[in-house]
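J.: Next input, structure requested:
(one chain, ligands or ions: 1)
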Amino acid sequence: MYKAALMAVVLGMALSVTPVAGQRQSGLERLYVLNCGEGIAGDISRWSPGVNEGKSMPFVDNCYLLKHAQGWLLWDTGVADAIAAMPDGLKPADPRATHWHRPKTLAKQLDELGVKPADIKYVAVSHTHPDHIGNVEMFPQAMLLVQKDEYDWPGANNQPRFKSEHPVTKLEGDKDVFGDGSVTIIATPGHTPGHQSLLVKLPKIGALLLSGDAVHFKSNWDNRGVPAGNASKEKTLASMEKIDSLLKREKANLWINHDKAQRDTLKMSPAYYE
Ligand SMILES: [Zn+2]
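T.: Take a look at the predicted model:
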């Protein structure tokens, strides 16, 4: 009799203990997809050597704004807002590259959400190509989250890639940004020496992997196409394998930054995902 009563008490305690030991409360609330550019890639074989030579293809450029209880995080900043004022957009020096337009500035899209640039706590960029870092200095107070290998990579004429006074955390590998497992930077070198992607776990729709330029469009992902201009083919392929196993382990969807067909299926800001 006594034993049974004790068992009931123990069982009751076990059932009432929440959350389960080791499980952390996530502070991630929302994700907004911002329009950070639209363009035409002059020759898509630049990104998929030997495939579709000479064919052009529409490209898009996304930024993602995350609302977390500890503060806002902006993932990538797109092409420069100044391009919005150029009637014919920004023509590339190499006609095979992407001719960018900016239908809407990043500043305007943040303003529409009531978010001031000074409210942004973290700016994390996938890498330092101009279509990703075009507006980093709109957020001079924000902590930059960049791989050390990218930060230290000499730019044109040996120039640094960021202003030396901009606050920065130089990462060496993966990083759980808020300490609750909801937003994790994933080191995916190859496109550039310190390229990174972002694993996001939203409370309702679940896990997403934001590609940066670890992959540029879906057929390139399916065929493991490596752009000719990537810093390292071997590292690119290894990063694709890392992403593939992460997608399986986390049951995550891959959101490919420049893939227009995929973006056409997404809700754009001010709508959001949670
Ligand atoms: Zn890009």
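J.: what residues does the stretch 101-250 of the chain put near the ion?
T.: Neighbours of the ion within the stretch 101-250 of the chain, by CB under 5 Å from the ion: 131, 213. Using the backbone N, CA and C atoms, a C-beta is placed for each residue, glycine as well.
J.: which residue ranges form the strands in the stretch 101-250 of the chain?
T.: 120-124, 143-147, 168-171, 175-176, 183-187, 196-202, 206-210 (DSSP state E, counting those that start in this stretch).
J.: And the pLDDT for the residue in the stretch 51-200 of the chain positioned nearest to the ion?
T.: Residue nearest to the ion within the stretch 51-200 of the chain (CB to the ion): Asp131, separated by 4.4 Å. We have a pLDDT of 97 for Asp131.
J.: and it, what is it in contact with?
T.: 36-37, 61, 78-79, 98, 100 (CB atoms under 8 Å, 6 or more residues apart in numbering).
J.: repeat that for 6 Å
T.: Listed by CB atoms under 6 Å, 6 or more residues apart in numbering, the contact partners of Asp131 are 61, 79.
J.: ok, and what's touching the longest strand along the chain?
T.: As assigned by DSSP state E, the longest strand anywhere in the chain is strand 28-41. Contact with strand 28-41 is made by 56-68, 78-79, 98-104, 109, 182, 202, 266, 268-269, 272-274, as judged by CB under 6 Å, 6+ apart.
J.: got it, and stretch 145-164?
T.: 122, 124, 127-128, 169-172, 193-194, 196.
J.: sorry, back to before: can you select the buried ones among the contacts of strand 28-41 for me in PyMOL?
T.: Only the buried entries of those go into this PyMOL selection, using 16 or more other CB atoms under 10 Å:
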select buried, resi 57+58+59+60+61+62+63+64+65+66+67+68+78+79+98+99+100+101+102+104+109+182+202+269+272+273
